[in-house]
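1. Here is the input, now give the coordinates:
(chains A and B)
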Number of protein chains: 2
Amino acid sequence: MTVPAASGPADLVGTGPADLVVTGCTALVHDEAERVGFAEDAAVVVRDGVIDGITTTAAVSGLAAAERIDARGRALLPGLINCHTHSPMAALRGIAEDLPVEEWFNDHIWPIESHLGERDVELGARLACAEMIRGGVTTFADHYFAMDTVADVVAGTGLRASLGQAYFSSQGPEGRAASLDFALRRRGDADGRVTTCLAPHAPYTVDDADLAATAELARAHGLPVHLHAAESRAQTEHSLARHGVTPIGVLHRTGLLDTDVLIAHGTGIVDSDLDLLAAAGGRVAVATAPRGCLKFAWDPTPVRALAGLGIPVGLATDGAASNNSLDVWEAMALTALVQKSTTGDPRWLTSRQALHHATLQSARAVGLGDRIGSLAVGRRADLVLVDLTGPHTQPVHDLAATLVHSARSADVLTTIVDGRVLMRDRELLTVDVPAVVAELEERLPALVERGHGKRIQTYDG
Amino acid sequence: MTVPAASGPADLVGTGPADLVVTGCTALVHDEAERVGFAEDAAVVVRDGVIDGITTTAAVSGLAAAERIDARGRALLPGLINCHTHSPMAALRGIAEDLPVEEWFNDHIWPIESHLGERDVELGARLACAEMIRGGVTTFADHYFAMDTVADVVAGTGLRASLGQAYFSSQGPEGRAASLDFALRRRGDADGRVTTCLAPHAPYTVDDADLAATAELARAHGLPVHLHAAESRAQTEHSLARHGVTPIGVLHRTGLLDTDVLIAHGTGIVDSDLDLLAAAGGRVAVATAPRGCLKFAWDPTPVRALAGLGIPVGLATDGAASNNSLDVWEAMALTALVQKSTTGDPRWLTSRQALHHATLQSARAVGLGDRIGSLAVGRRADLVLVDLTGPHTQPVHDLAATLVHSARSADVLTTIVDGRVLMRDRELLTVDVPAVVAELEERLPALVERGHGKRIQTYDG
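-> Have a look, this model is predicted:
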């Protein structure tokens, strides 16, 4: 695939000096049918945080620009999107290993979170942002507590994020009210890089009345909803036994399927849920976090069935306390590998399909389908440059396969959000990792204490 | 776990100046029961290519050494071992994607291999060695053609390898004879870094007479055997239908289970095979390559059943043409994740178990259980230093989990074989990657031509 040559540079690259020009790269582009292809020797022109032109390198040779990046030997991709995480949990990476989810929650995570402070949240989120920038993530959907603090970290690190203040029904009406308050106060923050949502924790910790009220608030305020649902087959069976409906059935009867709802995991979505999802009045999407699914021995997200309904499936890492990493690049590869394995079909979920999940589907999943997820004029300039010169990525017989199955997150050299460079040639420009780690280490002994017998909630999903 | 403090440096670190001293690291060590632990602030002393002392950093402060490496903030591990690969196939990385194995072989790989030249083999192997050194691999078990060329590459790049010249029965008696000739001529090459084996391709391409003759040659010459067997459940079913026995049954009846045999993949090992494996007279091991298994939609290697028999399961990547990478670090993580998922037990295959597979079990699998695979006095000095300071590996609550589930191959900073530094701070010292890639690119159009209608073999497993 080639980009059209400019008849004159001004036609394609706008007028006046550019803020940023990237030249010489192989750019991942989508055609009219959204098929993934690659434009050789491409150039991208950025003005005011937006992609203002995509053309050939030759066409921009004379263009004045505040910054130029020579990207020969590199691939240019839309920034990756982490569609479901809990960024502050980076502080708890590796704290509770090799456990079933109920022990992981009840004996470790929820006791620790009962005395999590805002400073812990800040440091964890900052560490997570550093990791994500290094791995080529430019947007993340975060579902946690103390989200004002996370929003401040997003503003400071330069990332883009969809943020939701999580709540349980056990908090009383205040939980839901705080989630709404956060969503209304902070949406549009950080020059529009912060978007917000309502964030009930899950159907097994939020009752039907609260879920129904959330659906009404979502419609009234034009807010999307982000929650855990059908995380595992066991949850689905438990819900059927307890409520007579699946978790997706709960979303349906409480009106949440008529909102714009992002379902985290969905590995327990069963065939009988598909009609409800197909009939949903809102924009439903699912975030798949394959590493954590494997680690908890959950079934995979039924990506093929969801694809059949046209439901976007975005890539995710979950939090680092369960997933051990925030590596969306790995989530992309694992999604392809796990889907081949569990469907028994090596032809399914090709590298190009995986890249479609990583780009347009993930953008739609976080409610930003018209702003990010592709390299196209008018989209926000969220860009990553990937080194292709390493021995592990050579030779390149099939660039889509190289990107999905050979390249690694560490091959991301440069990460750009809204045209601002957050990492250049592996150097982080907006997070001081040693300082974050040093302060976090001082706080960890108190934070990870689990002998107090308290927990914020009890897992009974 | 701590290393014993030296009563005097001479007790633990030998006499005279060292060739290499690594200080300040956290060293992965095995206790008497082979449990994986970590020694803080450890030092390793190397003389004549061998680990001559493991002690505290303080104990070696006055020791003269030709080279010292300050490894504070880094983990020191035994070099990783790739227990089954086809290194020259790095030249074919990504050439045939998203296909069932029979199409992959018959329409792509075996046609291409019908006109593979020695120079292609050399360039592919050199590229593979570069990738493996960068990923912390110090030993690989290679099963391919033109292995004299590969042995020369091993000698030049400084790696350690177990090499076998592959053959099919379709080659006539010459195939087997060439495999033996190679094994006898080259064993002990490169200062002992090259070991050799007999390498029949697989029970579906080598007939019983050839397999039985191979078993006799192995016993007569003290050579191990490395072959593909029970690669998939479909192969096992096919073998039962055609021969009335499983592929493992074929190895039994041809005497191969009474040799030291390394079985690649073994994903089609079924319950009825376990008695045969338990009764094997030779040292049987299995190499598991989880990425390729997922990609071909094969079942996983039954690691838990094999562990129950005490059979070592080593980690592997297969060739880059199917696996897309030679990343043993990823194979370690995937082995843990896939085993949890497919056994349905998140407690199974802990990070420490995964590290045991990566170290001692892999060493045994390639027949080097007494020479490599642990940091212990008298073992060869095959060492890798892993950076732990990245945001994705912090904080460290559980170093085993950090290494398996958070660290990546790109965190390997320094790779050492026989005390010789092959990569220092990510700089490769023994392979010129741009030169290899440039020459390979010139040769690729002719190499990948598949229109000639020839193939070296037909897949009918």
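
2. rest of the way, CA atoms for contacts and neighbours
-> Fine.

3. Quick check: residue A:126 touching residue A:434?
-> No - using Cα atoms under 8 Å, residue A:126 makes no contact with residue A:434, being 11.3 Å away.

4. Now residue A:383, what are its backbone angles?
-> Here the main-chain torsion angles of residue A:383 (degrees, to the nearest 10) amount to phi -130, psi 150.

5. so what's it up against?
-> When contacts are counted by Cα atoms under 8 Å, 6 or more residues apart in numbering or on different chains, residue A:383 touches A:76, A:77, A:78, A:79, A:138, A:415, A:416, A:417, A:419.

6. switch the cut-off to 6 Å
-> Residue A:383 makes contacts with A:77, A:78, A:79, A:416, as judged by Cα atoms under 6 Å, 6 or more residues apart in numbering or on different chains.

7. ok, so what distance separates it from chain B?
-> The spacing between residue A:383 and chain B, counted by Cα to the nearest Cα, to the nearest Å, is 21 Å.

8. ok, now which ones touch whichever residue of the stretch 1-150 of chain A sits closest to chain B?
-> Sorted by distance to chain B under Cα to the nearest Cα, the residues of the stretch 1-150 of chain A start with residue A:98, at 4.7 Å. Applying Cα under 6 Å, 6+ apart, we find residue A:98 in contact with B:346, B:347, B:350.

9. same deal with residue A:73?
-> With contacts defined as Cα under 6 Å, 6+ apart, the neighbours of residue A:73 are residue A:388.

10. go again using 7 Å as the cut-off
-> A:25, A:387, A:388, A:389 (Cα atoms under 7 Å, 6 or more residues apart in numbering or on different chains).

11. Could you do residue A:410 as well?
-> For residue A:410, the contacting residues are A:135, B:410, by Cα under 7 Å, 6+ apart.

12. so it, which of the three states?
-> Following DSSP: H, G, I helix; E, B strand; the rest coil, the label given to residue A:410 is helix.

13. higher neighbour count, residue A:126 and residue A:434?
-> Comparing residue A:126 with residue A:434 by neighbour count (other Cα atoms under 10 Å in any protein chain shown), the higher total belongs to residue A:126, at 29 against 14.

14. Show the pLDDT at the more buried one.
-> pLDDT, residue A:126: 98.

15. Going along the chain, name the strands of the stretch 1-150 of chain A.
-> Along the stretch 1-150 of chain A, the stretches classed as strands by DSSP state E, counting those that start in this stretch are A:18-30, A:36-47, A:50-56, A:65-70, A:74-78, A:80-85, A:137-144.

16. Show me what the last one packs onto, helices and strands only.
-> So that's strand A:137-144. strand A:80-85, strand A:160-167 (3 or more Cα pairs under 7 Å, 6 or more residues apart in numbering or on different chains; DSSP states H and E).

17. Next: the third one.
-> Judged by 3+ Cα pairs under 7 Å, 6+ apart, strand A:50-56 is in contact with helix A:9-13, strand A:36-47.

18. And the fourth one, by the same measure?
-> Applying 3+ Cα pairs under 7 Å, 6+ apart, we find strand A:65-70 packed against strand A:18-30.

19. Direction included, what does the strand it packs on pair against?
-> Strands flanking strand A:18-30 in the sheet, each with its direction: strand A:36-47 (antiparallel), strand A:65-70 (parallel), strand A:74-78 (parallel) (DSSP bridges).

20. quick one: which of the ones you listed is nearest residue B:233?
-> With Cα to Cα as the criterion, residue B:233 lies closest to strand A:36-47 of those, at 34.0 Å.

21. ok, now how distant is the residue nearest to residue A:278 when sequence neighbours are not counted from chain B?
-> In space, residue A:278 comes closest to residue A:309 once its chain neighbours are excluded; the distance is 6.0 Å by Cα to Cα, 6 or more residues apart in numbering or on different chains. Using Cα to the nearest Cα, we find residue A:309 at a distance of 23 Å from chain B.

22. Check residue A:431 too.
-> Going from residue A:431 to chain B by Cα to the nearest Cα gives 10 Å.

23. can you give me phi and psi for that residue?
-> Here residue A:431 shows phi and psi, under degrees, to the nearest 10, equal to phi -140, psi 130.

24. now residue A:194
-> Main-chain dihedrals, residue A:194, degrees, to the nearest 10: phi -90, psi 120.

25. same deal with residue A:306?
-> The phi/psi pair for residue A:306 (degrees, to the nearest 10) reads phi -70, psi -40.

26. Enumerate every residue touching it.
-> By Cα under 7 Å, 6+ apart, residue A:306 has no neighbours at all.

27. And the pLDDT at residue A:115?
-> 87.

28. Likewise for the one 3 residues further on?
-> Turning to residue A:118, the model gives it a pLDDT of 96.

29. Can you verify my assumption that it contacts residue A:144?
-> No - under the criterion of Cα atoms under 7 Å, residue A:118 makes no contact with residue A:144, lying 11.7 Å away.

30. Of these two, give the one with the bigger neighbour count.
-> Neighbour tally, residue A:118 and residue A:144, criterion other Cα under 10 Å: the higher count belongs to residue A:144, 22 against 16.

31. Give me the nearest residue to the more buried one, chain neighbours excluded.
-> If you skip the residues right next to it in sequence, residue A:144 has residue A:166 as its closest partner in space, 5.0 Å away by Cα to Cα, 6+ apart.

32. sorry, back to before: let me know which of the strands of the stretch 1-150 of chain A is tucked in deepest.
-> Burial of the strands of the stretch 1-150 of chain A is given as mean neighbour count (mean count of other Cα atoms under 10 Å in any protein chain shown); strand A:80-85 ranks first at a mean of 31.

33. Extract the C-alpha set from that one and format it as CSV.
-> Backbone C-alpha positions of strand A:80-85 (Å, rounded to 0.1, in the frame of the first residue of the first chain) are rendered in CSV as follows:
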residue,chain,number,x,y,z
LEU,A,80,-1.5,1.4,21.7
ILE,A,81,-4.5,1.5,23.9
ASN,A,82,-4.8,-0.3,27.2
CYS,A,83,-8.5,-0.8,27.5
HIS,A,84,-8.7,-2.0,31.0
THR,A,85,-6.2,-1.5,33.8
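
34. Using a markdown table, please lay out the helices and strands packed on strand A:50-56 together with mean pLDDT.
-> Written out in a markdown table, the entries for the helices and strands packed on strand A:50-56 read as follows (pLDDT from 0 to 100):
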| stretch | mean pLDDT |
| --- | --- |
| helix A:9-13 | 49 |
| strand A:36-47 | 98 |
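
35. Tell me which of these sits nearest to residue A:176.
-> Each of the helices and strands packed on strand A:50-56 was scored for nearness to residue A:176 using Cα to Cα, and the closest is strand A:36-47 (39.4 Å).

36. just the angle between the closest one and strand A:50-56, please?
-> Taking axes from the mean of the first three to the mean of the last three Cα atoms, to 10 degrees, one finds strand A:36-47 and strand A:50-56 inclined to each other by 120 degrees.

37. Identify the residues contacting strand A:36-47?
-> Applying Cα under 7 Å, 6+ apart, the set of residues contacting strand A:36-47 is A:1-3, A:13, A:18-30, A:51-57, A:352, A:356, A:381, A:419.

38. Swap in 6 Å and give it another go.
-> Contacting residues not belonging to strand A:36-47 are listed as A:1-3, A:18-30, A:51-57, A:352 [Cα under 6 Å, 6+ apart].

39. repeat for stretch A:390-406
-> Applying Cα under 6 Å, 6+ apart, the contact partners of stretch A:390-406 are A:333, A:351, A:352, A:407, B:94, B:95, B:127, B:131, B:324, B:325.
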